[in-house]
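# Using only what follows, build the 3D model:
(2 chains)
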There are 2 protein chains.
Amino acid sequence: MSESMNQQILLKSYPTGAPTRSNFALVETAIPQPRDGEVLNRTIYLSLDPYMRGRMSDRESYATPAELGKVMVGSTVSQVMKSKHPQFSEGDFVVGYDGWQAYGISKGESLRKLDPNQVPISYALGITGMPGMTAYFSLLDIGQPKAGETVVVSAASGAAGSVVGQIAKIKGCRAVGVVGSDQKCDYIVNELGFDACINRKTQDLNSALKAACPNGIDVYVDHTAGPILEAVLQQINLGARIPLVGLISQYNAEKLPTGPNLMPLLVKRALIKGFLVGDYQERHAEFIHDVSQWLQAGKLKYKEDVVKGLEAAPDAFMGLFQGQNFGKLIVQVGDNPTEH
Amino acid sequence: MSESMNQQILLKSYPTGAPTRSNFALVETAIPQPRDGEVLNRTIYLSLDPYMRGRMSDRESYATPAELGKVMVGSTVSQVMKSKHPQFSEGDFVVGYDGWQAYGISKGESLRKLDPNQVPISYALGITGMPGMTAYFSLLDIGQPKAGETVVVSAASGAAGSVVGQIAKIKGCRAVGVVGSDQKCDYIVNELGFDACINRKTQDLNSALKAACPNGIDVYVDHTAGPILEAVLQQINLGARIPLVGLISQYNAEKLPTGPNLMPLLVKRALIKGFLVGDYQERHAEFIHDVSQWLQAGKLKYKEDVVKGLEAAPDAFMGLFQGQNFGKLIVQVGDNPTEH
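Numbers count the residues shown, from 1 in each chain, chains lettered A, B, ... in the order given. Below is the predicted model:
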């Protein structure tokens, strides 16, 4: 790629089932120039998240679909190269929504400045960004964990799941994670301090959950739906709370699968409630305050899985649905001048 | 039956699938005598409710199973014949839990006196009793309907459903019922004042719900689960509330069926929450206050389906699951001296 060109990955077609390389197209275009009120950003990191699969569809979801023929959408951490916007200056580090490209133009509305001296700038795509905020509010606001209760989380080594379990521990709960490999189990128990872990690929979910949750399950932060939710429902306690945050298990399904029988909700007067982090924007400060403190105090740990080069994004994205990433998946698109 | 004998229907076996006559046995025994602290009740009305199917099983539920070889359980309205309990006198009318028998002994704990001058004593099994209270708190406490919203209820001509729709109207909502016959549709729209009705046996649920709920569904009080819940989820609005009160559609299932795909809960940040009326006992006065006022003001109407004779109870109970009853199903076991 020429230094004076922009590299972009376009959404060429909506996938049927799992996304493939053929749904994307890598193109080179001229680096755009900002107009009044705009900034030109150079992408340093691009976030890859399961929710993006929902955008690659004209099925109804909580957001409008990504447009065919346009740059694929996504959160980015960037450096401002040129600014015609009063609130941003050349050299600023920002988190925004420039998508899968090396350079992006932003009007500044969804752009937030980052302080590179606080935490690494890439954290804004993970623990201090959308996934961290998802973990924080889904667990605390819907889950309402009380000390001594048992909190289960699926996709527990992921960007949100790993934070859910750690906050559960901070709140005095028993934290149990469900993951897809022994290596991830080892990580969440021995490095993050979860009390127990279940490998969904090698263990029987029902008996493993029973063993890991001897006092039943009070809160289940659900990132997957499917068989894990079904097994959890068999072990819920009276008044259990289940924030439904994601349904990774079915994002690639060509036909929506059926769900679990809901009898346990009635028997245990429990609730399942859908969660979307966008509803909590006005409480962003509350989240940043707590999470920054916990990070500084060493109570929260964070792991990233960094893939190099924009062209690696499609494969890395496809791997998300097989649990191939280990930690928050981000693509390093350009140099990070704050790295040492 | 001899006048000096007690007639009882015992639970002989747990049904597999739908209950049959062979699960019950009619026997005659001596009329029991109350000991100190007990009363002898003569049953006037026995309530038949879908929840009883859950008791006829050793599957886990919110209550202990009915015991084999014992009198089948159920709510009753009775007259006190003999009292050795300081709070009850001979001649008192009471609502209790004496089960499927002509005479019962009660220790008084679950017995409540009825004033026959207020509303007909049989109402204590319906609109001023457990089904009415279920409707009141499931709709108001979990459903939280706001004026102008759309409330849908299944089993809408039933003891609880008919009250849900009428309270929804009192609260300024659009009330839409789902029932199993045109006659029931006619009743809930033209007599109870529902805005619309769907006959689940003759109409396509998805298109009928769409037509009946042009502004979407804000509250769904679910008595059935199954296909109605699945169709409702396709039409829910942002922040919809679904009290899960019953799962009639599957009470006779030999193997629990799967449930609906839960994606709409996430997309619409909606909730499903299990409800059990027993959790609201301490708020009984609040319920009685409102419902009595509404009954007196003619804002609430109530229909009973009265079957004569204890021996008719098994067939009537079986009919509940085919929607054969029309109105609150009760069995008149003995004379009602308050009737004129």
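
# Check the spacing between A:A211 and chain B real quick.
In this view, A:A211 and chain B are 19 Å apart by Cβ to the nearest Cβ, to the nearest Å. From N, CA and C alone the C-beta is placed, and that goes for glycine too.

# Specify the local secondary structure of that residue.
Secondary structure for A:A211, judged by DSSP: H, G, I helix; E, B strand; the rest coil, is helix.

# Tell me the secondary structure at A:P131.
Of the three states, A:P131 takes helix under three-state DSSP.

# ok, it - contacts?
Listed by Cβ atoms under 8 Å, 6 or more residues apart in numbering or on different chains, the contact set of A:P131 reads A:49, A:125, A:158-160, A:163, A:328.

# From the residues you listed, list the ones also adjacent to chain B.
Among these, no residue lies close to chain B (Cβ under 8 Å from any Cβ of the partner chain).

# count of neighbours near A:D315?
Close neighbours of A:D315, defined as other Cβ atoms under 10 Å in any protein chain shown, add up to 13.

# Where does it sit: helix, strand or coil?
Under three-state DSSP, A:D315 comes out as helix.

# Grab the nearest non-local neighbour of it.
Distances taken as Cβ to Cβ, 6 or more residues apart in numbering or on different chains place A:R21 nearest to A:D315, at 7.1 Å, with adjacent residues excluded.

# What count of nearby residues applies to A:A212?
Neighbours around A:A212, by other Cβ under 10 Å: 21.

# Repeat that for A:M81.
15.

# In a strand, it, correct?
Yes. Assessed with three-state DSSP, A:M81 lies in a strand.

# what pLDDT does it get?
We have a pLDDT of 97 for A:M81.

# now do A:Q324
pLDDT, read off for A:Q324, is 88.

# Next: A:G327.
Among the per-residue scores, A:G327 holds a pLDDT of 89.

# tell me the phi and psi of it?
Here is the backbone geometry of A:G327 (degrees, to the nearest 10): phi 100, psi 180.

# That one and A:V307 touch, don't they?
No. Using Cβ atoms under 8 Å, A:G327 makes no contact with A:V307, being 11.2 Å away.

# In terms of neighbours, single out the busier of the two.
A:V307 (20 against 17).

# Secondary structure class of that one, three-state.
Following three-state DSSP, the label given to A:V307 is strand.

# Can you give me the distance of the closest residue to it other than its chain neighbours to A:S13?
Of all residues not flanking A:V307 in the chain, A:A316 sits nearest, at 4.4 Å (Cβ to Cβ, 6+ apart). Per Cβ to Cβ, to the nearest Å, A:A316 is found 19 Å from A:S13.

# again, but for A:S78
Separation of A:S78 from A:S13 (Cβ to Cβ): 27 Å.

# same question, A:H289
43 Å.

# Secondary structure of A:V189: a helix, I assume?
Yes. The assignment for A:V189, made by three-state DSSP, places it in a helix.

# so who does it touch?
A:177, A:195-197.

# can those residues go into TSV with extra columns for pLDDT and secondary structure?
Output for the contacts of A:V189, formatted as TSV (pLDDT from 0 to 100; DSSP: H, G, I helix; E, B strand; the rest coil):
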residue	pLDDT	secondary structure
A:G177	98	strand
A:D195	98	coil
A:A196	98	strand
A:C197	98	strand
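
# Now render those as a markdown table, adding neighbour count.
Output for those, formatted as a markdown table (neighbours: other Cβ atoms under 10 Å in any protein chain shown):
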| residue | neighbour count |
| --- | --- |
| A:G177 | 30 |
| A:D195 | 18 |
| A:A196 | 20 |
| A:C197 | 25 |
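
# For the stretch 151-300 of chain A, just list every one of the strands.
According to DSSP state E, counting those that start in this stretch, the stretch 151-300 of chain A carries its strands in the segments A:174-179, A:196-199, A:217-221, A:236-244, A:271-274.

# The ones you listed: which one's closest to chain B?
Of all those, strand A:271-274 sits nearest to chain B, with 3.9 Å by Cβ to the nearest Cβ.

# on that earlier part again, more neighbours: A:S78 and A:S13, which one.
Remark: of A:S78 and A:S13, A:S78 carries more neighbours, 28 against 14, as counted by other Cβ under 10 Å.

# Just the buried subset of the contacts of A:P131, please.
A:49, A:125, A:158-160, A:163, A:328 (16 or more other Cβ atoms under 10 Å in any protein chain shown).

# Just to be sure, which of those are found in helices?
A:V163 (DSSP state H).

# Can you tell me which of the buried ones among the contacts of A:P131 is nearest B:V73?
A:A160 (45.9 Å; Cβ to Cβ).

# Below-threshold pLDDT in chain A: ranges please.
Scanning chain A for pLDDT under 70 picks out A:1-3, A:60-62, A:340.

# sorry, back to before: now the buried ones among the contacts of A:P131 in JSON lines, with distance to B:S207?
Formatted as JSON lines, the buried ones among the contacts of A:P131 follow (distance: Cβ to Cβ, whole Å):
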{"residue": "A:D49", "distance to B:S207": "36"}
{"residue": "A:L125", "distance to B:S207": "43"}
{"residue": "A:G158", "distance to B:S207": "39"}
{"residue": "A:A159", "distance to B:S207": "41"}
{"residue": "A:A160", "distance to B:S207": "38"}
{"residue": "A:V163", "distance to B:S207": "43"}
{"residue": "A:K328", "distance to B:S207": "44"}
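
# tell me which of the buried ones among the contacts of A:P131 is nearest to chain B?
A:A160 (13.6 Å).

# Near chain B, which residues of chain A are found?
Residues of chain A lying close to chain B by Cβ under 8 Å from any Cβ are A:60-62, A:225, A:229, A:244-247, A:250, A:256-276, A:279.
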